[in-house]
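Participant: Got a sequence here, can you model it:
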Amino acid sequence: MSLYIVKADITNRDVDAIVCTANTNLHLGGLIGKKIIAKAGKTILAELNQIGHCDVGCSVITRGYGLKARNVILRMSDVSDVVCIARDCDKVTLNRMQSEYRSILSLCKIFLLNDLPGYTMDTKESFCFLFPMPLLFEGFIGGFLKSILDGKGRVELQKSDQPLINDIRYAGKSYGPAFMMRHDILCTIEDKVFLMDTKYKKIQRFEDAKEDETLWKMQLIRGVTQQDLYQVSTFAAKRNLKKAYIIYPLLRYEDVESDMPIFQELILTGNSSLDDIKFVDVVLVRVPFVFEEDIDKTKEMLTSTLLKIFE
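Facilitator: Numbering: from 1, shown residues only. You can find the predicted model right below:
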């Protein structure tokens, strides 16, 4: 008896039987299972449904139907659903080829322990989840604005339809516009446009100005960078807007503040003549962001704060 190894699509082979794995409910999955169903036809599914179930470690044989193979043998995988505890994860041995599964094993252990990473010394392995919080904050504020405006205005994220530089000229030749402006959030309500930039970082609480004005100013301008102001004010001037808004998150358990500081910037849009000067007010807004205990109250505070922008 000779043994041949052939590399080919088994669903096209004229053989006595082909073998495929399945679960205990006889559901064919994976690429090979889908190909078998596609070529054998629905009649093989009807036969499998009639059989109904097969225990782990056992096999089921069916006719080949539309396949060239006379029969299909379904082998139940040796892996079954079992109740596990955290200690079971320590019994799993991974070799070098399986090292990429180590993080999954650690994640399973964390879930089974109902645990969180801590500062205590131990033999437990854990890892952290990293999220791009600036992008998450921007998307959350943009999505929340869409919900509260409810079709009364258009909210666009990362809007980019105008160049910052109208034209590049060299040696008497025009090379066209450059540096497309990209706005975090652009709201349009009827004929009014509102430009917003989101910054996920801590800045000084506004109401602290009542205690020490000098110290408050120093701490405030330390958190609000010149680059943030230059960018949003320049973008606003290019769109002929008199106001722009920078939105920051409130800290946990902080109350919403009643007033918002305004940074007035002078923008030169031409040849430094009085006609080319524009003033742009950059308004700082701090909004609640942590939905923890009273979700309805937090949502109400966030809604009232954002709606002040459109007044």
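Participant: In contact with residue 310: list those residues for me.
Facilitator: Contacts of residue 310 were listed using CB atoms under 8 Å, 6 or more residues apart in numbering, and they are 153, 187, 189, 192, 194. For the C-beta atoms, the positions are set from N, CA and C on the backbone; glycine is no exception.
Participant: Show me which of these is closest to residue 7.
Facilitator: The nearest member of the contacts of residue 310 to residue 7, counting by CB to CB, is residue 187 at 59.0 Å.
Participant: Pull out the buried residues from stretch 9-24.
Facilitator: By 16 or more other CB atoms under 10 Å, the buried positions in stretch 9-24 come out as 10, 11, 18, 20, 22, 23.
Participant: Residue 196 is in contact with residue 245, isn't it?
Facilitator: Yes. With contacts defined as CB atoms under 8 Å, residue 196 counts as touching residue 245 at a distance of 4.6 Å.
Participant: which residues do these two both contact?
Facilitator: Taking CB under 8 Å, 6+ apart as the contact criterion, the residues that touch both residue 196 and residue 245 are residue 309.
Participant: and the longest helix along the chain, what does it pack onto?
Facilitator: With DSSP state H applied, the helix covering the greatest number of residues in the chain is identified as helix 133-149. On a contact count with 3 or more CB pairs under 8 Å, 6 or more residues apart in numbering; DSSP states H and E, helix 133-149 meets strand 154-159, strand 183-189, strand 192-198, helix 295-307.
Participant: show me the contacts for the residue nearest the centre of the chain.
Facilitator: In the chain, the centroid-proximal residue (CA atoms, centre = their mean) is residue 136; its distance is 6.5 Å. Residues in contact with residue 136 (CB under 8 Å, 6+ apart) are residue 200.
Participant: Could you check how far it is from residue 178?
Facilitator: Here the criterion is CB to CB, to the nearest Å. By it, residue 136 lies 30 Å from residue 178.
Participant: next helix or strand past the least confident helix or strand in the chain by mean pLDDT?
Facilitator: One helix or strand of the chain scores below all others by mean pLDDT, DSSP states H and E: strand 262-268, with a mean of 72. Per DSSP states H and E, strand 262-268 leads on to strand 277-287 as the next helix or strand towards the C-terminus.
Participant: So which bits of that following strand are buried?
Facilitator: Under the neighbour-count criterion of 16+ other CB under 10 Å, strand 277-287 has 278, 280, 282, 283, 284, 285, 286, 287 buried.
Participant: Once you drop chain neighbours, what's closest to residue 138?
Facilitator: Closest residue in space to residue 138, ignoring its immediate chain neighbours: residue 198 at 4.3 Å, by CB to CB, 6 or more residues apart in numbering.
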